[in-house]
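>>> What follows is a predicted protein model with its sequence.
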Amino acid sequence: MTRIAIAGFQHESNTFSAIPATWEKFERSGVLAGDAIRQRFADSESTLAGFLAIAEQVSGVHLEPLVFTRLTPMGALTSQAWRNIFDLILEALRTGGRWDGVLLALHGAAVAEDCDDPEGELIAAVRALVGPSVPIGVTLDMHANVSQRMVANADITTVYQTNPHVDARAQALRCATLLLDCIAGRVRPAQALAQPPLVVNILNQGTDEAPMAQLLARAAEHQRRQGVLSVSVIEGYPYADVADMGMSFLAITDDQPALAREIANDLAALAWSQRVALNQGGLSIEQALIAALACPRGPVVLFDVGDNVGGGSPGDGTLLLHAARQSGIGSVLQALRDAQAVQACQEAGLGGTVNLMVGGRQDSRHGAPVPVRGRVHALSNGRYEATGPTHGGFRFYDDGPSASVITDEGWGLVLSTLSSGTQSLEQFRHLGLEPADYRIIVAKGVHSPRPTVAPIARAMHWVATPGVTTADLSTFVYRHRRQPMYPFEADTRHP
């Protein structure tokens, strides 16, 4: 019996956010072990589901889920949170006996208060623990800021190749399959990482559109070559001020390191040639509302880029609501994090009238609180299940105690205790609001809401709102990134 350990953590750390990722928040989200990991993720489309699926396809494999936790993107991990996660994973591996292989479910863009590359440190520690002969496989998010240290200490690294991320399970299953091939001696993976001095703007990271689509097409051509095991285009995460921030390209071959290096460099060169197209902007708030009103029918989805919960924003941005009120727009659907407003709704009770100041509590860059009057439409514990495709393949969500309010002007507001992006329309439906009934839906996200909103949207527009995840990267002060780097230094050169 081949024994494979499964462990990991996933967090995208926005170093420009003032909201820390504390250990208490990870505990609230769920620090899972053993069968609890199977129960939560086996029937999803997530990374862990892909790892677990290998046992159904290959006989003689015993998978042992050890420790896993994930947390909605926000600021950097506190030292306590990172060290607790680190210690739990290593202790579980240490006491679990002899392993034939290790699979790690990571994000790749985590940052801790005292460590700029916690995933690299974790993979290195796992390597030191299991020794040089035990293969390690890692699956990362497409927004990973991949370091040479991550790649150097893993044998196989696969990365989501869709944004929105709808291939997490498939990439993890590919990683597990290659890991077993490595254990059996059928392949000898050689990895090469290329890191051009290039950032891709969040607005240009959709993989169905140019220029990302062309990069992925070139990667697919390379992957069909003899001896090539995997090729990954990695968009990077621009809201983490670390040395490895930016795009990267990873190729894995069967014992052909020169070929792996050639492929990674070719993709880096192609991306560099598209650097201007990879850094375009979105619509202003005024332009977005004009475009929405020009559409004969709704719903029109407006992506609130500056308050992208999936990128580390708090999810309580009100800029579009203020603008909609000024324009006299009465059919707007939006979710907001506001624990105080939820409590007021609970006190008023179902059907009760409420006068609230909603949103705008976490960061002034995302707008001031909005005064609203309306009635409490529904109350819930904030737990719901996604029944269709979702970004990252997750199925179960928990927004904390929540309420829906229908305002006197016709807005539908979902108020939650915890930050929550627009990952599933069930976020609204489980609180009695039907998204298809509204003229405008404000989505808290950039690409992640697309799998759920695209089927009902008459049009979709990306709004360049300010905030901790704004598309205007010039508003941030970076202290640790590489220099020079495009587009920050426009005259940057790359071979």
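Ah, there it is.
>>> can I assume Ala21 is in contact with Gln80?
No - if you go by Cβ atoms under 8 Å, Ala21 and Gln80 don't touch, sitting 10.4 Å apart. Yep, even glycine has a C-beta here, placed from its N, CA and C like the rest.
>>> Quickly list the domain ranges of this protein.
2-273, 285-470 (automatic domain parsing).
>>> closest one to Phe476 among the ones you listed?
When the domains of the chain are compared by Cβ to Cβ, domain 2-273 sits nearest Phe476, at 5.6 Å.
>>> re the thing from before, between the domains of the chain, which one is nearest to Phe488?
Proximity to Phe488 (Cβ to Cβ) singles out domain 2-273 among these, at 7.4 Å.
>>> now the end-to-end length of that closest one.
45 Å (Cα to Cα, to the nearest Å).
>>> who's in contact with Val370?
Taking Cβ atoms under 8 Å, 6 or more residues apart in numbering, we find Val370 in contact with Thr318, Leu321, His322, Arg325, Met357, Val358, Gly359, Gly360.
>>> Can you report how many residues neighbour the closest residue to Leu319 other than its chain neighbours?
Excluding the flanking residues, the one nearest Leu319 by Cβ to Cβ, 6 or more residues apart in numbering is Gly367, at 4.1 Å. Counted with other Cβ atoms under 10 Å, residues neighbouring Gly367 total 23.
>>> thinking Gly367 is in contact with Ala323, fair?
No - if you go by Cβ under 8 Å, Gly367 and Ala323 don't touch, sitting 9.3 Å apart.
>>> Overlap of the contact sets of the two?
By Cβ under 8 Å, 6+ apart, no residue touches both Gly367 and Ala323.
>>> Ok, which of the domains of the chain comes nearest Asp491?
Set against Asp491 and scored by Cβ to Cβ, the domains of the chain come closest in domain 2-273, at 11.4 Å.
>>> Return the distance of the closest one from the chain's centre.
Relative to the chain's own centre, domain 2-273 is displaced by 12 Å; criterion: Cα atoms, centre = their mean, to the nearest Å.
>>> coming back round to it: need the domains of the chain in JSON lines with mean pLDDT and distance to Val477, can you?
JSON lines is the format used below for the domains of the chain (pLDDT from 0 to 100; distance: least, Cβ to Cβ, whole Å):
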{"stretch": "domain 2-273", "mean pLDDT": "97", "distance to Val477": "8"}
{"stretch": "domain 285-470", "mean pLDDT": "95", "distance to Val477": "13"}
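>>> for the contacts of Val370, which one is nearest Phe51?
Set against Phe51, the nearest of these by Cβ to Cβ is Gly359 (38.1 Å).
>>> re the thing from before, may I see the contacts of Val370 arranged in JSON lines, with neighbour count and distance to Pro455 as well?
What follows is the contacts of Val370, written out as JSON lines (neighbours: other Cβ atoms under 10 Å; distance: Cβ to Cβ, whole Å):
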{"residue": "Thr318", "neighbour count": "25", "distance to Pro455": "27"}
{"residue": "Leu321", "neighbour count": "25", "distance to Pro455": "25"}
{"residue": "His322", "neighbour count": "17", "distance to Pro455": "29"}
{"residue": "Arg325", "neighbour count": "18", "distance to Pro455": "29"}
{"residue": "Met357", "neighbour count": "16", "distance to Pro455": "34"}
{"residue": "Val358", "neighbour count": "27", "distance to Pro455": "28"}
{"residue": "Gly359", "neighbour count": "29", "distance to Pro455": "27"}
{"residue": "Gly360", "neighbour count": "22", "distance to Pro455": "31"}
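>>> Check which residues of stretch 15-24 are buried.
Of the residues in stretch 15-24, Thr15, Phe16, Ser17, Ile19, Pro20, Ala21, Thr22, Trp23 count as buried by neighbour count, 16 or more other Cβ atoms under 10 Å.
>>> actually stretch 132-151, not the one I wrote
134-147, 150-151.
>>> Checking the residue nearest the centre of the chain next. Helix, strand or coil?
Nearest residue to the geometric centre of the chain (Cα atoms, centre = their mean): Gly310, 5.3 Å. Assigned with DSSP: H, G, I helix; E, B strand; the rest coil, Gly310 falls in the helix class.
>>> these two touch, right, it and His391?
Yes - Gly310 is in contact with His391 according to Cβ under 8 Å; the separation is 7.0 Å.
>>> between these two, what contacts are shared?
Gln423, Gly445, Ser448.
>>> dump the residue contacts of the residue nearest to the centre of the chain.
By Cβ under 8 Å, 6+ apart, Gly310 lies in contact with Glu12, Pro73, His391, Gly421, Gln423, Lys444, Gly445, Val446, Ser448.
>>> Put together TSV for those residues, with neighbour count on each row.
Formatted as TSV, these follow (neighbours: other Cβ atoms under 10 Å):
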residue	neighbour count
Glu12	25
Pro73	27
His391	25
Gly421	26
Gln423	25
Lys444	30
Gly445	26
Val446	27
Ser448	24
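>>> Switch these over to a markdown table; also include secondary structure and distance to Gln171.
Formatted as a markdown table, the contacts of Gly310 follow (DSSP: H, G, I helix; E, B strand; the rest coil; distance: Cβ to Cβ, whole Å):
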| residue | secondary structure | distance to Gln171 |
| --- | --- | --- |
| Glu12 | coil | 17 |
| Pro73 | coil | 20 |
| His391 | helix | 14 |
| Gly421 | coil | 21 |
| Gln423 | coil | 19 |
| Lys444 | coil | 25 |
| Gly445 | coil | 21 |
| Val446 | coil | 20 |
| Ser448 | coil | 16 |
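>>> could you pull out the strands for the stretch 251-400 of the chain?
300-304, 332-337, 353-358, 370-380, 383-385, 396-398 (DSSP state E, counting those that start in this stretch).
>>> Pull up the pairing partners for the third one, direction included.
Going back to what we said before, that points to strand 353-358. Partner strands and pairing direction for strand 353-358 (DSSP bridges) are strand 370-380 (antiparallel).
>>> what angle separates the strand it pairs with from strand 332-337?
Between strand 370-380 and strand 332-337, the angle comes out at 80 degrees (axes from the mean of the first three to the mean of the last three Cα atoms, to 10 degrees).
>>> circling back: so which of the buried residues of stretch 132-151 sit within helices?
Met150, Val151 (DSSP state H).
>>> Which of the three states applies to Thr174?
For the record, residue 174 is Arg, not Thr. Arg174 - assigned by three-state DSSP - is helix.
>>> residue contacts, it?
In this structure, Arg174 makes contact with Gly50, Thr158, Ser230, judged by Cβ under 8 Å, 6+ apart.
>>> likewise Asp307?
The contact partners of Asp307, taken as Cβ under 8 Å, 6+ apart, are Ser313, Pro314, Gly315, Asp316, Gly317, Leu319, His366, Lys444, Thr465, Gly467, Val468, Thr469.
>>> try Pro196
Taking Cβ under 8 Å, 6+ apart, we find Pro196 in contact with Gly246, Met247, Ser248, Phe249, Ala268, Ala269, Ala271, Trp272, His494.
>>> How many residues are close by the fourth one?
Residue neighbour count, defined by other Cβ under 10 Å, stands at 28 for Phe249.
>>> which residues sit against the helix or strand harbouring it?
Per DSSP states H and E: Phe249 is located in strand 248-254. For strand 248-254, contacts defined as Cβ under 8 Å, 6+ apart pick out 144-146, 151, 156-157, 159, 178, 187-196, 219, 222, 227-234, 236, 259-261, 263-265, 267-268, 271.
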